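*Asks:* here are the coordinates; sequence isn't available:
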């Protein structure tokens, strides 16, 4: 289908589709412990059938225009992804998220891919508010929100029971006018 280059390091953003089920499962297996530190993403996908079912759910969400899943490939290997957990074009709101296996960390892949997703949501789809929610202990995720120029809206204290612990969730967001202004400043400074 399509691949969007994310730079000179062989990183690409591509749709993550049903026919990727085996590759997706192998990726989840490589990163399961790391990915699962703060989120349950992929924890129930333990065989090809369950991986295929998850990919089908997101295919259905894309068809209904309520969410979508996008893979991050590095030199041809699936190492993570970004997603619209929910997408509400009618009200102009969406929530984005990400996951990575260790081989994909420390390269800015999520930040680069998320810029593509947010640009698409705001400029092509008319989204006004893009939200990012992460556990307070997930500093890598919170750092992405900061790098994207998001504002911390607040903390939902002990809102996320996960693995026997109640985690605080931080809510970050960027509004379309803020995103456009930041992009204009970046483009202006590049010239």
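*Replies:* Sure thing, it's come through. The structure presented is a predicted model; accordingly, all values stated were derived computationally and were not measured.

*Asks:* from now on I want contacts and neighbour counts done on CA atoms only, so please keep to that.
*Replies:* Noted.

*Asks:* what bits of the protein have low per-residue confidence?
*Replies:* Applying pLDDT under 70 to the chain picks out residues 1, 187-191.

*Asks:* list of residues touching stretch 116-130?
*Replies:* The contact list for stretch 116-130 (C-alpha atoms under 8 Å, 6 or more residues apart in numbering) reads 88-89, 91-96, 173-177.

*Asks:* from those, which is closest to residue 28?
*Replies:* residue 96 (19.2 Å; C-alpha to C-alpha).

*Asks:* burial count for that closest one?
*Replies:* By other C-alpha atoms under 10 Å, 21 other residues sit near residue 96.

*Asks:* can you spell out which helices and strands pack onto the helix or strand containing it?
*Replies:* Following DSSP states H and E, one finds residue 96 within strand 93-100. Here strand 93-100 touches helix 21-35, strand 77-88, strand 129-135, going by 3 or more C-alpha pairs under 8 Å, 6 or more residues apart in numbering; DSSP states H and E.

*Asks:* re the thing from before, can I get the buried part of the contacts of stretch 116-130 as one ChimeraX selection?
*Replies:* Buried residues within the contacts of stretch 116-130, by 16 or more other C-alpha atoms under 10 Å, are selected in ChimeraX with:
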select :88,89,92,93,94,95,96,173,174,175,176
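
*Asks:* quick one, what contacts residue 81?
*Replies:* Contacts of residue 81 (C-alpha under 8 Å, 6+ apart): 69-72, 98-100, 110.

*Asks:* parallel or antiparallel, which strands does the strand holding residue 96 pair with?
*Replies:* Sheet pairing here is set by DSSP bridges, and for strand 93-100 it gives strand 77-88 (antiparallel), strand 129-135 (parallel).

*Asks:* tilt between the next helix or strand after that strand and strand 129-135?
*Replies:* For strand 93-100, the succeeding helix or strand toward the C-terminus, using DSSP H and E, is helix 109-119. Interaxial angle of helix 109-119 relative to strand 129-135 (axes from the mean of the first three to the mean of the last three C-alpha atoms, to 10 degrees): 150 degrees.

*Asks:* quick one: buried residues of helix 109-119?
*Replies:* 109-114, 117-119.
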